[in-house]
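J.: Any chance you could fold what I've pasted below:
(2 chains)
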Amino acid sequence: MGIYFLRRVLATIPVMAVVALFVFSLLYIAPGDPAAVIAGDQASPEQIAHIRASLGLDRPFIVRFGDWLWQIAHGDLGTSIFTNLPVSHMIAQRIEPTLSLMILTLVLSLVIAIPMGVIAAWTQGKWQDRLIMVFAVLGFSTPVFVIGYVLAFVFALEWRLLPVQGFVPIEQGFWPFLRTLILPAFTLGGIYIALIARITRASMLDVLSQDYIRTARAKGLGERPVLFLHALKNAAVPIVTVVGLGVALLIGGAVVTESVFAIPGLGRLTVDAILRRDYPVIQGVVLLFSFVYVLVNLAIDLLYTVFDPRIRY
Amino acid sequence: MRRRDFMATSLAAATSLAAPAIARGAEARVLRFVPQANLPNLDPIWGTQYVVRNASLLVFDTLFGLDATLTPRPQMCEGFETTPDGLIWRFRLRSGLKFHDGTQVLARDAVASLGRWMARDTMGQLIRARLDAMTASDDRSFEIRLKQPFPKLIFALAKGNPNLPAIMPERIAQTDPFKQIGEFIGSGPMKFQKDEWVPGSRAVFARFDGYASRDEPGNWMAGGKRIHFDRVEWQIIPDAATAAAALQSGEIDWWETPLPDLVPLLRQSEDIRVDIADPLGNVGILRMNHLYPPFNDVRLRRALQMVANQPDYMRAIVGNDDALWKPMPSFITPGTPLYTEAGGEALSGPRDFAAAKKLLAEAGYGGEKVVMLVATDLIITKGQGDVSADVMTKAGFNVDYVATDWGTVGARRAKKDPPSQGGWNIFHTWLAGVDCINPAPNIAIHTTGPKAWFGWPDNPAIEAMIGDWYAAPDLASEKQQIEKVNRASMEFVTFIPTGFFYGYQAWRREVSGIVKAPFPVFWDVKKA
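T.: Now for the predicted structure:
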């Protein structure tokens, strides 16, 4: 297990290197020029060229890529072209809102979606099952921004229960912190709840048709222990897989959710950087997201051994 | 009731009654403002966006400032004098001016700041081309010696559009003009709180108690700049619907640029006031590349001018709110002293598609692709692009509509390559009206060929007329020259103004003192 863990951690290095090369190349060939954005509407081509040179953007691809790799190897993600602030500082400023939003969304999704999936499987074909699946279809098909606007209209504008926008750091109090995240978490969680509920239902249906479930019932166990002790644990592997894969969904959804609720997170940082062609920030954030994704997948692989002791690495 | 219970109850009641008043007092000392865009930096020379200019006007002060009549007034300067030949200008700073780090503002700070500004700004470069020397005579006096007169010098020092001739400490002003400054220390009415800055989300300004305000009433960039808040917090809300909801719920106090679509909704609320933001508005621009066919031929530029219908462009930008736009058969901002419609008949009246088609045939246009760059992420450029594509197709042009984002347009329009090799034929943009009040700040009207703005129009005769305007001694002769410039530019079709449009601003009822200006004026604003 230890060797497996070490091997997987070491394997992230070439993965990150490929990601780095891919991101850098993509930005290199992408149209747009930060120097033109900085120079503004009234700039002359000569001024744009001067700014490009001062930013080092006129150097050959291989030189720029080599410099960037060298910086990263020294733990330096570079400096934002526009704000002149270190990229690591900008990421550090934005990580708390995004992390908080993702964790709350994940917790809400698991707490809501898994019972929904279990109940749907248990009541297969009945009205409860159909109702839950209608919710799941709605969750899948409704765009994140629509859910966000509707929730903000009802809970913030009409009922004045929660704020429309913004983020309060946790050190300013737990309730103020939580208030700003409730609507965004439900907004972002919509598709995630739908996904996990459907997978839980499908996985539970498969497990519930197994012989050992029939045996458990035959020996007189009640439905609750059958469902939650025997069936759910055995249905967990596909659910955990989807939870892991869904992190990518959360990252994508966070971009929209953070914009709708004006949360100063990494999603908005990424969009702003892309629109302005702030290359060091884009590269830094994409690297971070890739690293997180690789780590989440590793964690998911390790979790398999908890839910299914037959799995050994 | 026991005495202890009575005391506890009374204390609780008193606290609960007092708390809202305390909270209200604290609230009234903070103004929460949603700017037009994210504040990416605070260097008034390096940063060319209007949002940087707006923030810079809080943090930095200028030697002169434009007032609402577009007249330059002394601001940091106590006064100035010039020799009869206009070659020597002497300036004296007001006493008591201090930077945010507590140091005194000295003449050498002004000299270094103007030196950095002259390296980047269009008007600054004109002064630099005539500059003999710029030196500090003592702590409060400095002079500018010119090799040839430049009558618009004071206007240039008072300019309100980017790059702002802001004054900063000498050590900061010595930064390469093409590199960003690292310290944001000015002598303006508010201090930038760099520790609280989260780019893309929040920027905070705290009142500078050491600010030496002028005694006159505040008037745009001129006069007294009295701040009635401890803090002004800029909250960047990229989504317009969210900003509207935040204003309705009272989470923000003032929104600089509400979308016209949302204004009817905001007007339904008794708690919200809506008005025109900038009386000088904005000017839409259709820009053609003069280097390559088809628009290197004036006949084809004229053909496009014949079919360009300003009302269509304006409605594409602002919708059906006719209070938000005006026709503008001119290159000069309507309502300003030099406005003229000389030669403007080319853009007024019914559009003539038959005549345009005839010109296309005469010029031998063979259906070559017209590469039109359209930034679809901005409603103003997208709207103009759609209208141009439609009228040009009807007139017989073969339009290649390249839908992209502003970042790409910004880069591609600087390329002088042929359109088939990554260049372009047309792009759309807009300028603030304050940039079009005369040819000095208006980079689009110049026709200096390779040195001109994107599109590179080349017409020495028009440039000579603009030169005559620079030398004009009074308003009457300035008007005379501008009429010539306008007529010649219409005939040459330097570019096509697509119309004049306003934007709205919206604020909560409890906020007072908001004025119409080309930038958000925070001085004299109060909150109940």
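
J.: Show me the shaky parts of chain B.
T.: Confidence mapping of chain B against pLDDT under 70 gives the ranges B:1-25.

J.: Most proximal residue of the stretch 101-250 of chain B with respect to chain A?
T.: The minimum distance from the stretch 101-250 of chain B to chain A, using Cβ to the nearest Cβ, falls at residue B:201 (3.2 Å). Heads up, the C-betas are built off the backbone N, CA and C, glycines and all.

J.: got it, and chain B?
T.: Chain B approaches chain A most closely through residue B:48 (2.6 Å), counting by Cβ to the nearest Cβ.

J.: Assess the claim that that residue and residue A:38 are in contact.
T.: Yes - using Cβ atoms under 8 Å as the test, residue B:48 is close enough to residue A:38 to be in contact (7.2 Å).

J.: what is in contact with the two at once?
T.: Among the neighbours of residue B:48, none is also in contact with residue A:38 (Cβ atoms under 8 Å, 6 or more residues apart in numbering or on different chains).

J.: Neighbour count: those two, which is higher?
T.: The residue with more neighbours, out of residue B:48 and residue A:38, is residue A:38; 29 against 23, by other Cβ atoms under 10 Å in any protein chain shown.

J.: Let me know the pLDDT of the more buried one.
T.: The pLDDT attached to residue A:38 in the predicted structure is 82.

J.: quick one: secondary structure of it?
T.: Using DSSP: H, G, I helix; E, B strand; the rest coil, the secondary structure recorded for residue A:38 is helix.

J.: cool, and residue A:98?
T.: Of the three states, residue A:98 takes helix under three-state DSSP.

J.: For residue B:324, which non-adjacent residue is closest in space?
T.: residue B:318 (4.1 Å; Cβ to Cβ, 6 or more residues apart in numbering or on different chains).

J.: Repeat that for residue A:124.
T.: When the adjacent residues along the chain are set aside, residue A:124 lies closest to residue A:205, with 6.4 Å between them (Cβ to Cβ, 6+ apart).

J.: Could I get the full set of helices for chain A?
T.: Chain-ordered helices for chain A, with DSSP state H as the definition, fall at A:2-29, A:34-39, A:45-55, A:61-73, A:87-122, A:127-141, A:144-151, A:174-208, A:211-218, A:223-225, A:232-260, A:266-276, A:279-307.

J.: Run a quick neighbour tally on the residue nearest to residue A:257 when sequence neighbours are not counted.
T.: In space, not counting the residues next to it along the chain, residue A:257 is nearest to residue A:188; the distance is 4.5 Å by Cβ to Cβ, 6+ apart. Per other Cβ under 10 Å, the neighbour tally for residue A:188 reads 32.

J.: roughly how far apart are residue A:188 and residue A:272?
T.: Going from residue A:188 to residue A:272 by Cβ to Cβ, to the nearest Å gives 19 Å.

J.: Residue A:168 contacts residue A:179, doesn't it?
T.: Yes - between residue A:168 and residue A:179 a contact is recorded at 7.3 Å, counting by Cβ under 8 Å.

J.: check contacts around residue 237.
T.: Using chain A. Taking Cβ under 8 Å, 6+ apart as the contact definition, residue A:237 lies against A:203, A:304, A:307-308.

J.: Can you look at chain B instead?
T.: Each residue near residue B:237 by Cβ under 8 Å, 6+ apart is listed here: A:165, A:262, B:34, B:243, B:246, B:252.

J.: what's the closest of the contacts of residue A:237 to residue A:225?
T.: Proximity of those to residue A:225 (Cβ to Cβ) peaks at residue A:307, which lies at 17.1 Å.

J.: The closest residue in space to that closest one that isn't next to it in sequence: how many residues sit nearby?
T.: Excluding the flanking residues, the one nearest residue A:307 by Cβ to Cβ, 6+ apart is residue A:236, at 4.1 Å. Counted by other Cβ under 10 Å, the residues lying close to residue A:236 total 20.

J.: residues from the stretch 51-200 of chain A in reach of chain B?
T.: By Cβ under 8 Å from any Cβ of the partner chain, the part of the stretch 51-200 of chain A that sits against chain B consists of A:51, A:54, A:80, A:82-85, A:90, A:93-94, A:149, A:152-153, A:156-157, A:160, A:163-166.

J.: Nothing else from me, thank you.
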